[in-house]
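Undergrad: sequence unknown, structure follows:
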């Protein structure tokens, strides 16, 4: 019996299909990475390999799980330099995914 | 030793001898202050007779025991509580108000040795009109240990003498090990602050340096979370250090800031957990907070992730209080998010302190600390005094900031508001999150005007201006007034089911609130009037025949005549039709039609 998380992941794969933005491969030794917060429409197991694979194929860059925030929102690291146009295209591709409600940059705050 | 034991036993015996019978203890005695309306016919008779007549009306024997003014009578009666007597009198049509005649005592100032330097907790006066009058609030409530304020910050020093009795275990949400610097991998249950210093060695780590915006500047640890926690809840009257504003309130330390700050993902996860919401992979929070203190900020508009988190946290009943920022700029995130109570900073005089950010998203202003007239070797005249650790990097000995330290920032205005909200919840646990915000604002004192300063948003070269409600919120935090307002009636509704089938009764129950004397249920909108089982009781049923949404209003009144209302929506659905499925059931009309056709056909055949 498949888990709901796996089913959602497979659904993501089937809906999204081919990469929405196949940017150039990011060098393995990229100096920095871009951390984002993805809010899914439905509760999603953010660590599921199929979810990561789908996010990666959608964005065209490597994606790794960072942390869970809520059952529907998780932080991910996009393997692309912050100022790289491919990174911006990757973010835009993820934003228009119908299963993603929102995508925000995971930015820093500090005490005041 | 034996002598002392015998003496104690003897004293206990004497005490038992003097203990009265249980019935004597249980007989209540009421003292109530009552004021008649100008039109009352009782005004025509002597004051003592007025009291007797009032008592006769409600079936008790009452005596007048005082007359503080010609309009007021103090009455006493046996066999009834002051609250119940006040409530009965308040229902008389010619009584303007009736309130229990409560005992007040002279409250000594806290014995904390640094309390005299905590100017922001004193009653306001001509010199410092922005002082919050926490002293006045403490005459109304000392706070409750069951009220929890989450300090979402750098963590705390658990061993600090003025905090250790007030701290719950909390949690560390700083995920990145370089950002965290606590030597523990990822998130963990240890919310202690290891120090957020940035050393030369740290700058040598390119990853950490990039995380810190490629800075080349080192800095010492701030112990910021310990400072903020102390402003809320440093133990008072313990002959040590300072007094927190919120009395017995406890702190839930949530560590989200490490070296060079913290990520949104950690902050939001920490906020959610603090409010008792689920964070995947983490144990449930056993001590959910009703108030979240965010003395942190970052530039930018309110992002979707904060909007969603704030909405969920508020739905859980938790108030979020956040710093407007110290940039003399538009309000920063997350204070600029809808539903967050943003706090701007004001000087002791009540005008905007130069560094404070400001704008329409600010909900209220509070003292943030300002160093006026400071020359070389002179003290900062209006700083905060906070608990702190003296370690420049890692922790060393604990102590307090002093009058020579520049301990200022909107960070420190926020815990004054959070602590005030905690006192309000101690006074009235039934207050909802919107009611907390509304009463904090309603209790606020109007901003003063300094003719030498421009009106915000225009500012002087150092950012100062006269606050307006459009730029600095409802007014200056007034802790005593807000807590006094907290005692007023509150209305809340518990519903057995928000969706029912037509002709099915739904049970509506009013939430607890101090000294409620009347309840009134009414229908505001909906397809029909519907029926209330007990429209003037604390609990009622509601039944409707027609399907649709019905908005139900509860209006409550307390013994002092204060009213409050709450609404809820009941969705009534049509009864499910019985369905035969398949070829479909034949109803009575159809059967009659078929029968008529058959008879018609038979008749034609016979003809």
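TA: Here it is on my side, so go on. Computed from a prediction, not measured in an experiment: that's the story for all the values here. Numbers count the residues shown, from 1 in each chain, chains lettered A, B, ... in the order given.
Undergrad: Tell me how far residue B:277 lies from chain A.
TA: Distance of residue B:277 to chain A, given as Cβ to the nearest Cβ, to the nearest Å: 7 Å. For glycine as for every other residue, the C-beta is placed from the backbone atoms N, C-alpha and C.
Undergrad: most centrally placed residue in chain B?
TA: Nearest to the mean C-alpha position of chain B, counting by Cα atoms, centre = their mean, stands residue B:421 at 3.6 Å.
Undergrad: Let me know the secondary structure of that residue.
TA: Under DSSP: H, G, I helix; E, B strand; the rest coil, the three-state class of residue B:421 is helix.
Undergrad: which residues does it contact?
TA: B:149, B:290-291, B:319, B:321, B:436, B:440, B:482 (Cβ atoms under 8 Å, 6 or more residues apart in numbering or on different chains).
Undergrad: And the residues you listed, which is closest to chain A?
TA: Of all those, residue B:321 has the smallest distance to chain A: 12.6 Å, by Cβ to the nearest Cβ.
Undergrad: Look up phi and psi at that closest one.
TA: Backbone torsions of residue B:321, given as degrees, to the nearest 10, read phi -120, psi 130.
Undergrad: you'd agree it is up against residue B:341?
TA: Yes - contact between residue B:321 and residue B:341 holds when scored by Cβ atoms under 8 Å: they sit 4.8 Å apart.
Undergrad: Counting neighbours, go ahead and name the busier of the two.
TA: Applying other Cβ atoms under 10 Å in any protein chain shown to residue B:321 and residue B:341 shows that residue B:321 carries more neighbours, namely 30 against 26.
Undergrad: quick one: the more buried one from residue B:416, how far?
TA: 9 Å (Cβ to Cβ, to the nearest Å).
Undergrad: and what of residue B:352?
TA: Residue B:352 is 16 Å from residue B:416, where distance means Cβ to Cβ.
Undergrad: Neighbour count: these two, which is higher?
TA: residue B:352 (31 against 26).
Undergrad: and that one, what are its bridge partners?
TA: Under DSSP bridges, the beta-bridge partners of residue B:352 are residue B:346, residue B:465.
Undergrad: got a list of what it touches?
TA: Each residue near residue B:352 by Cβ under 8 Å, 6+ apart is listed here: B:344-346, B:358, B:365, B:456, B:459, B:463-467, B:471-472.
Undergrad: Swap in 10 Å and give it another go.
TA: Shown in contact with residue B:352 (Cβ atoms under 10 Å, 6 or more residues apart in numbering or on different chains): B:324, B:328, B:344-346, B:358, B:362, B:365, B:368, B:447, B:453, B:456-457, B:459-460, B:463-468, B:471-472.
Undergrad: Equivalent analysis for residue B:308, please.
TA: A:37, A:39, A:69-70, A:72-73, A:101-102, A:104, B:268, B:337.
Undergrad: For chain A, what's its nearest residue on the stretch 451-600 of chain B.
TA: In the stretch 451-600 of chain B, the residue that lies nearest chain A is residue B:463 (14.4 Å; Cβ to the nearest Cβ).
Undergrad: doesn't residue B:328 make contact with that residue?
TA: Yes - assessed by Cβ atoms under 10 Å, residue B:463 is found in contact with residue B:328 at 3.9 Å.
Undergrad: overlap in contacts of those two?
TA: Contacts common to residue B:463 and residue B:328, judged by Cβ under 10 Å, 6+ apart, are B:352-358.
Undergrad: Which single one of those residues is nearest to residue B:204?
TA: Set against residue B:204, the nearest of the shared contacts of residue B:463 and residue B:328 by Cβ to Cβ is residue B:355 (32.2 Å).
Undergrad: my guess is the closest one meets residue B:463, correct?
TA: Yes - judged on Cβ under 10 Å, residue B:355 makes contact with residue B:463 at a distance of 6.0 Å.
Undergrad: Looking at those two, which one has more neighbours?
TA: Remark: of residue B:355 and residue B:463, residue B:355 carries more neighbours, 21 against 18, as counted by other Cβ under 10 Å.
Undergrad: how close does the closest residue to the more buried one other than its chain neighbours sit to residue B:395?
TA: Leaving out its chain neighbours, the residue that sits closest to residue B:355 by Cβ to Cβ, 6 or more residues apart in numbering or on different chains is residue B:326, at 4.6 Å. Distance, residue B:326 to residue B:395, by Cβ to Cβ: 25 Å.
Undergrad: which stretch of helix or strand covers the residue lying closest to residue B:548 once chain neighbours are set aside?
TA: Spatial nearest neighbour of residue B:548, chain neighbours left out: residue B:527 (4.0 Å); criterion: Cβ to Cβ, 6+ apart. Element membership for residue B:527, per DSSP states H and E: none, as it lies in no helix or strand.
Undergrad: Enumerate every residue touching residue B:527.
TA: Applying Cβ under 10 Å, 6+ apart, we find residue B:527 in contact with B:544-550, B:572.
Undergrad: could I get those as CSV with pLDDT and distance to residue B:244?
TA: CSV is the format used below for those (pLDDT from 0 to 100; distance: Cβ to Cβ, whole Å):
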residue, pLDDT, distance to residue B:244
B:544, 97, 50
B:545, 96, 56
B:546, 97, 55
B:547, 97, 53
B:548, 97, 50
B:549, 97, 45
B:550, 98, 46
B:572, 97, 49
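Undergrad: Among these, which one lies nearest to residue B:508?
TA: residue B:550 (10.9 Å).
Undergrad: Sketch out the low-pLDDT regions of the chain for me.
TA: You didn't pick a chain, so chain A it is. A:1-32 (pLDDT under 70).
Undergrad: wait, chain B
TA: Checking chain B against pLDDT under 70 turns up B:1-26, B:103-108, B:373-374, B:514, B:578-607.
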